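Engineer: what shape does this take:
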Amino acid sequence: MEKYKMILMTEEKMAREVTLGVIVTRPLTVWHHIIPGMFIIDFLRRGSALRRYTNHFMFPRKLAIDAAQALARDEDKTAVFSHIENDTSMWLNSLDLFTPGLLQAQLSVINLLIDYYTRLLKEDGYSLYALIKKAYQNRDSFQGFIDELTTAEAEVDRELIAKLGETEKLKAKIAAEQEQLKERRGKIIEEVF
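Structural biologist: Sure thing, here's the model as predicted:
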């Protein structure tokens, strides 16, 4: 259970860092200087965005790590994957984002994460970085996983843009998130290997 918590905490930290990286890059408007209390309103708005993004970022990751644990306990693989597909479908419907393409893209990300978490849960280590190092052995192997995950996440983003409509604001937000993820994952690679 300790590794499970360590992995979840690290993923939640990554989600918060990515969100803060995207939010902080937005410049302050003139209203922040003119209207008293605008800073407080902006602070609350940023806190809400942080929680919302963290929840969205963590949903597939939580499903994946729970599935990795279930599979490690030799639970029925078909039942586990059926549960993941149903939960992902309901989640997308609750966000009014369901499309068959977006569902499949999300499931691809989740499957990659299941493999990743399964590898980590099999290893012994005192930190997530130690687990990654033991599971992947070398930089190239881990970089290969990161590249595959990034490609799968980009497909989720393409499907999301197709569903919501291509606007400059949405493309800029997605590009900022992708850049933050790339930067943070690069730091992990540097620190682990």
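
Engineer: can you pull up the most central residue in this structure?
Structural biologist: Phe57 (3.9 Å; Cα atoms, centre = their mean).

Engineer: burial check on the closest residue to it other than its chain neighbours, number of neighbours?
Structural biologist: Distances taken as Cβ to Cβ, 6 or more residues apart in numbering put Ala15 closest to Phe57, at 3.8 Å, once the chain neighbours are dropped. Backbone N, C-alpha and C define where each C-beta goes, glycine included. Burial measure for Ala15: 21 neighbouring residues, criterion other Cβ atoms under 10 Å.

Engineer: Lys133 too?
Structural biologist: 18.

Engineer: surely it meets Phe193?
Structural biologist: Yes - at 7.1 Å, Lys133 counts as touching Phe193 under the criterion of Cβ atoms under 8 Å.

Engineer: wait, Phe57 touches Val18, no?
Structural biologist: Yes - the criterion here is Cβ under 8 Å, and Phe57 meets it with Val18 at 7.2 Å.

Engineer: do a quick rundown of the helices in the chain.
Structural biologist: Per DSSP state H, the chain carries helices over the ranges 2-24, 31-34, 38-72, 77-94, 100-122, 128-136, 139-164, 168-192.

Engineer: mind checking how far the fifth one is from the chain centre?
Structural biologist: With Cα atoms, centre = their mean, to the nearest Å as the basis, the distance from the averaged C-alpha position of helix 100-122 to the chain average is 11 Å.

Engineer: can you check the last one too?
Structural biologist: With Cα atoms, centre = their mean as the basis, helix 168-192 stands 11 Å off its chain's centre.

Engineer: for that helix, give the mean pLDDT please.
Structural biologist: Averaging pLDDT along helix 168-192 gives 90.

Engineer: out of the helices and strands in this structure, which is least certain?
Structural biologist: helix 31-34 (a mean of 49; mean pLDDT, DSSP states H and E).

Engineer: fine by me, thanks again.
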